[in-house]
Every structure is written in structure tokens, then in C-alpha cells.
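Engineer: What would the 3D arrangement of this be:
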Amino acid sequence: MHQQTSILFEFKRSLRGGVLAGWAGTDPCAWTGVVCDQTNSAVLAIELDGYGLEGQLSPALGGLASLRSVDLRRNALTGPLPAAWAEAPELSAVALGNNRLSGPLPASWARLSAVFAEHNRLTGSVPAAWASPASRLGMVFLQGNPELCDDTQEGTASLTALRYVLGDRLRVSDACAEALPTLKASSLDERGADMQQAMLLEVYAGPDEAAGPSVGPAAGPGSAPGTLVFFLGGVLECL
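Structural biologist: Model prediction:
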């Protein structure tokens, strides 16, 4: 308990937001936005969607042995995506959409099941590791990052292994489009937010489950095993 409390305090130090004033004391399971296993008080999830948080993401969460999901959507977070989060052995889903995060996509996040990082300021190319046979990724949302995978083919050749691009307003740069000849597009409609929420719920059963939450499947909702549902964001005609 002491170790995970120290890790969460380290995570808090890099952020600003009124809700974090309540992150005090020695029992993180009593803090707003922290979900714990009722049987052993292990921290399973961080849920701080829409709390107006500012600051950067600390890599400290990579030290939480039981962490399964992080939901920090709709805040004002800046800075890079912490590669060290992939060191959390049970981490499966990360939801960071609608922030101001920047920098590259960590190759180490290929071991996660779902990455939702839409509408940020991410740059660079999609890591080859994300589409490799060893990748665990089942669902990725990256739309609304105009400089991501832009004017470079570095790291994009592996994307030919992806089976679907999920989206209705795709704008892939010409360079990336050359690396994506085999992909099909399917309509997103209004399923995007629902799919994110469903994936997060699959990761754990919730704090009221007396027997303890269970981990969901690696593939995202609506995707077949071994299929990476990839919402990249670019010009549909490039496909």
C-alpha cells in the first residue's frame, strides 16, 4: 500500500487541478478517480475524465503492479506520452483523448490492448512495433493529430499489416498512404466514444464486484482476434 501511495503522489506532483487536493492521506482507494480491488486494495484504474487537469504525465504510473487502465480524457494535459507506463505489467488501456499532449508515440505501448490519444498534438510516425506480430494492440484512436505520420515513411511500412482503418474523415499524408495500400475503411458513425467506453469497461469489471475485477480480451469491442482497429485520421482518398 505504501509503495502505490508514493507512486500516486509522484503522479500528482506533475499535475494541477482542484480534484487532486483530495489526494491526501495514506489510503489512495478513498481518493477521487482511483479505483481499487476490494479484496486487496490494489490500484486498478485512474479515472479522471474531464476534471480540468493541467501539467504533464509522470512516468511513475509504470510502477503500479496492478494498474489496468488510465482514463485522463478531456483535460488540458501537455508534454509527451510516458514510455515507462508500459512497465506496468497489467496495464491494458490508456485513454488520453482531447488534451494537448505532444511528441512521439512510444514504441513500448505496443504491449497495451488499447490506446485512445485522439485530438492531441502528437507528432512523428506510428511505431513499427505497434503493428508487429508481437503487438497486443487491438484498438488505436489517433484522429485529430494533424502532424502525426506527416511527410515521412519512417516506421509506416509495418502498417500494411493492419486490416482495418476505422473512421469517416481520414486524412493520411501521401507518404503514409503509400504504406497503406491494403487497408479498408469502415464508417465510424457515432461509435467512437462508445467503443472507447466499452473497451475501458472490459478492462475491469468495476469497483462493486466483490470477487474482484477481471481483465477483458486484448482485441477491442467489435474486432476479431488478431485484428487491429486503427483510427488514424487523414484523407480518405489517399486510401
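
Engineer: Mind jotting down where the helices sit in the protein?
Structural biologist: 2-13, 174-178, 191-203 (DSSP state H).

Engineer: among those helices, which gets the worst mean confidence?
Structural biologist: Mean pLDDT is lowest for helix 174-178 among those, at a mean of 47.

Engineer: Check which residues of stretch 22-36 are buried.
Structural biologist: Trp23, Pro28, Cys29, Trp31, Gly33, Val34, Val35, Cys36 (16 or more other C-beta atoms under 10 Å). C-betas here are computed from N, CA, C, even on glycine.

Engineer: repeat for stretch 57-76
Structural biologist: Under the neighbour-count criterion of 16+ other C-beta under 10 Å, stretch 57-76 has 57-64, 66-75 buried.

Engineer: end to end, how far does stretch 45-53 reach?
Structural biologist: For stretch 45-53, the first-to-last residue distance is 17 Å (C-alpha to C-alpha, to the nearest Å).

Engineer: what does it rub up against?
Structural biologist: Residues from elsewhere that reach stretch 45-53 (C-beta atoms under 8 Å, 6 or more residues apart in numbering): 11, 15-20, 32-35, 61, 67-77, 95, 203-204.

Engineer: cutoff 7 Å now
Structural biologist: The contact list for stretch 45-53, computed with C-beta atoms under 7 Å, 6 or more residues apart in numbering, reads 15-17, 19, 33-35, 68-77, 204.

Engineer: Okay, now the unreliable bits of the chain?
Structural biologist: In the predicted model of the chain, residues 1, 149-239 satisfy pLDDT under 70.

Engineer: Do a quick rundown of the strands in the chain.
Structural biologist: Here the chain has its strands, by DSSP state E, at 15-16, 34-36, 43-47, 54-56, 69-71, 76-79, 93-95, 100-103, 114-116, 121-122, 139-141, 164-166, 184-186, 229-231.

Engineer: out of those, nearest to His2?
Structural biologist: Closest approach to His2 among these (C-beta to C-beta): strand 43-47, 12.4 Å.

Engineer: Report the strands that pair with that closest one, each with its relative direction.
Structural biologist: Its sheet considered, strand 43-47 pairs with strand 34-36 (antiparallel), strand 69-71 (parallel) by DSSP bridges.
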